[in-house]
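1. Structure for the following, please:
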Amino acid sequence: MSEHVKTKTKAKAFFAGFKAFITRGNILDLAIGVIIGGAFGRIISSLVNDIIMPLITSLTGQANFTDLIWIVNNAEIRYGQFIQNIVEFLIIAFSIYLVITLIIRREKFLKKAAELEAPKVVEPEVKVIPEDIKLLTSILEELKKQNKKNKE
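-> I've put the predicted structure just below:
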(Lines give C-alpha, C1' and ligand atoms only; values in the text may rest on other atoms or scores of the structure.)
Protein backbone atom coordinates (compact mmCIF):
# COMPACT_ATOMS: atom_id res chain seq x y z
CA MET A 1 0.00 0.00 0.00
CA SER A 2 1.45 3.33 -1.01
CA GLU A 3 2.06 6.19 1.42
CA HIS A 4 -0.48 8.36 -0.44
CA VAL A 5 -3.28 5.79 0.02
CA LYS A 6 -2.45 5.38 3.75
CA THR A 7 -2.61 9.14 4.25
CA LYS A 8 -5.91 9.34 2.37
CA THR A 9 -7.39 6.51 4.49
CA LYS A 10 -6.23 8.16 7.71
CA ALA A 11 -7.74 11.46 6.59
CA LYS A 12 -11.08 9.79 5.81
CA ALA A 13 -11.08 8.06 9.20
CA PHE A 14 -10.21 11.35 10.92
CA PHE A 15 -13.04 13.26 9.24
CA ALA A 16 -15.49 10.41 9.82
CA GLY A 17 -14.65 10.55 13.52
CA PHE A 18 -15.00 14.33 13.50
CA LYS A 19 -18.41 14.04 11.81
CA ALA A 20 -19.57 11.53 14.43
CA PHE A 21 -18.29 13.81 17.21
CA ILE A 22 -19.88 17.00 15.90
CA THR A 23 -23.29 15.45 15.23
CA ARG A 24 -23.70 13.94 18.68
CA GLY A 25 -26.57 15.38 20.72
CA ASN A 26 -24.33 16.72 23.49
CA ILE A 27 -22.34 18.88 21.10
CA LEU A 28 -25.49 20.38 19.61
CA ASP A 29 -26.83 21.12 23.09
CA LEU A 30 -23.53 22.77 23.96
CA ALA A 31 -23.61 24.89 20.81
CA ILE A 32 -27.14 26.03 21.58
CA GLY A 33 -26.08 26.84 25.14
CA VAL A 34 -23.14 28.93 23.92
CA ILE A 35 -25.33 30.89 21.51
CA ILE A 36 -28.01 31.54 24.11
CA GLY A 37 -25.33 32.36 26.69
CA GLY A 38 -23.81 34.95 24.34
CA ALA A 39 -27.21 36.57 23.80
CA PHE A 40 -27.87 36.47 27.54
CA GLY A 41 -24.48 38.14 28.14
CA ARG A 42 -25.41 40.97 25.76
CA ILE A 43 -28.73 41.47 27.56
CA ILE A 44 -26.96 41.64 30.94
CA SER A 45 -24.33 44.01 29.53
CA SER A 46 -27.10 46.28 28.29
CA LEU A 47 -28.82 46.09 31.68
CA VAL A 48 -25.59 47.09 33.42
CA ASN A 49 -24.45 49.74 30.92
CA ASP A 50 -27.81 51.30 30.10
CA ILE A 51 -29.79 51.01 33.33
CA ILE A 52 -27.81 50.18 36.47
CA MET A 53 -24.59 52.09 35.87
CA PRO A 54 -26.38 55.35 34.93
CA LEU A 55 -28.29 55.05 38.22
CA ILE A 56 -25.03 54.53 40.12
CA THR A 57 -23.50 57.40 38.16
CA SER A 58 -26.35 59.70 39.16
CA LEU A 59 -25.78 58.78 42.81
CA THR A 60 -22.01 59.38 42.64
CA GLY A 61 -22.32 62.57 40.59
CA GLN A 62 -19.99 61.37 37.85
CA ALA A 63 -21.01 62.03 34.26
CA ASN A 64 -19.64 58.70 33.06
CA PHE A 65 -18.71 56.01 35.55
CA THR A 66 -16.53 54.04 33.11
CA ASP A 67 -14.30 57.06 32.59
CA LEU A 68 -12.93 56.93 36.14
CA ILE A 69 -9.19 56.41 35.77
CA TRP A 70 -5.97 56.88 37.67
CA ILE A 71 -2.91 57.92 35.77
CA VAL A 72 0.31 56.50 37.22
CA ASN A 73 3.53 57.17 35.28
CA ASN A 74 1.62 57.66 32.03
CA ALA A 75 -0.31 54.39 32.58
CA GLU A 76 -4.09 54.52 32.74
CA ILE A 77 -5.73 52.43 35.43
CA ARG A 78 -9.41 52.16 34.51
CA TYR A 79 -10.90 51.33 37.88
CA GLY A 80 -14.34 52.58 36.78
CA GLN A 81 -14.46 49.94 34.03
CA PHE A 82 -13.25 47.35 36.55
CA ILE A 83 -16.05 48.27 38.96
CA GLN A 84 -18.55 48.07 36.10
CA ASN A 85 -17.28 44.60 35.18
CA ILE A 86 -17.65 43.46 38.80
CA VAL A 87 -21.23 44.75 38.88
CA GLU A 88 -21.92 42.98 35.58
CA PHE A 89 -20.47 39.73 36.92
CA LEU A 90 -22.58 39.93 40.08
CA ILE A 91 -25.72 40.55 38.04
CA ILE A 92 -24.95 37.59 35.75
CA ALA A 93 -24.24 35.34 38.75
CA PHE A 94 -27.44 36.48 40.46
CA SER A 95 -29.48 35.94 37.28
CA ILE A 96 -28.11 32.43 36.85
CA TYR A 97 -28.83 31.72 40.52
CA LEU A 98 -32.44 32.86 40.06
CA VAL A 99 -32.93 30.75 36.94
CA ILE A 100 -31.46 27.64 38.57
CA THR A 101 -33.52 28.20 41.72
CA LEU A 102 -36.70 28.51 39.63
CA ILE A 103 -35.87 25.35 37.68
CA ILE A 104 -35.24 23.40 40.91
CA ARG A 105 -38.51 24.67 42.42
CA ARG A 106 -40.39 23.74 39.25
CA GLU A 107 -38.91 20.24 39.28
CA LYS A 108 -39.87 19.78 42.94
CA PHE A 109 -43.39 21.08 42.22
CA LEU A 110 -43.82 18.74 39.24
CA LYS A 111 -42.52 15.79 41.26
CA LYS A 112 -44.91 16.55 44.11
CA ALA A 113 -47.82 16.99 41.67
CA ALA A 114 -47.00 13.66 40.03
CA GLU A 115 -46.92 11.98 43.42
CA LEU A 116 -50.33 13.44 44.29
CA GLU A 117 -51.83 12.37 40.95
CA ALA A 118 -50.41 8.87 41.04
CA PRO A 119 -52.93 6.35 42.30
CA LYS A 120 -52.12 5.17 45.77
CA VAL A 121 -51.68 1.44 45.88
CA VAL A 122 -53.06 0.14 49.13
CA GLU A 123 -51.90 -3.35 49.73
CA PRO A 124 -54.20 -5.54 51.78
CA GLU A 125 -53.01 -6.16 55.25
CA VAL A 126 -51.68 -9.67 55.56
CA LYS A 127 -52.32 -11.23 58.91
CA VAL A 128 -49.44 -13.31 60.09
CA ILE A 129 -50.63 -16.07 62.36
CA PRO A 130 -48.02 -17.35 64.74
CA GLU A 131 -47.18 -21.05 64.59
CA ASP A 132 -48.46 -21.81 68.09
CA ILE A 133 -51.85 -20.32 67.26
CA LYS A 134 -51.99 -22.39 64.08
CA LEU A 135 -51.19 -25.50 66.05
CA LEU A 136 -53.84 -24.72 68.67
CA THR A 137 -56.40 -24.03 65.95
CA SER A 138 -55.71 -27.37 64.27
CA ILE A 139 -55.98 -29.15 67.63
CA LEU A 140 -59.32 -27.42 68.27
CA GLU A 141 -60.60 -28.52 64.86
CA GLU A 142 -59.56 -32.10 65.55
CA LEU A 143 -61.27 -32.04 68.94
CA LYS A 144 -64.45 -30.70 67.35
CA LYS A 145 -64.39 -33.52 64.78
CA GLN A 146 -63.86 -36.13 67.48
CA ASN A 147 -66.62 -34.65 69.61
CA LYS A 148 -68.98 -34.76 66.65
CA LYS A 149 -68.13 -38.45 66.01
CA ASN A 150 -68.67 -39.34 69.64
CA LYS A 151 -72.13 -37.76 69.67
CA GLU A 152 -73.26 -39.76 66.64
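
2. which helix in the protein runs the most residues?
-> Longest helix of the chain, by residue count under DSSP state H: helix 79-117.

3. continuing past the helix or strand bottoming out on mean pLDDT in the chain, what's the next helix or strand?
-> Least confident element among the helices and strands of the chain, by mean pLDDT, DSSP states H and E: helix 53-60 (a mean of 78). Once helix 53-60 ends, the next helix or strand along the chain (criterion: DSSP states H and E) is strand 70-72.

4. Can you tell me the strand partners of that next one and which way each runs?
-> Using DSSP bridges, the strands paired with strand 70-72 are strand 75-77 (antiparallel).

5. which residues sit against the strand it pairs with?
-> For strand 75-77, contacts defined as Cβ atoms under 8 Å, 6 or more residues apart in numbering pick out Ile69, Trp70, Ile71. For the C-beta atoms, the positions are set from N, CA and C on the backbone; glycine is no exception.

6. The second one - how many residues pack around it?
-> It refers to Trp70. 10 (other Cβ atoms under 10 Å).

7. same question, Gly80
-> With other Cβ under 10 Å as criterion, Gly80 counts 19.
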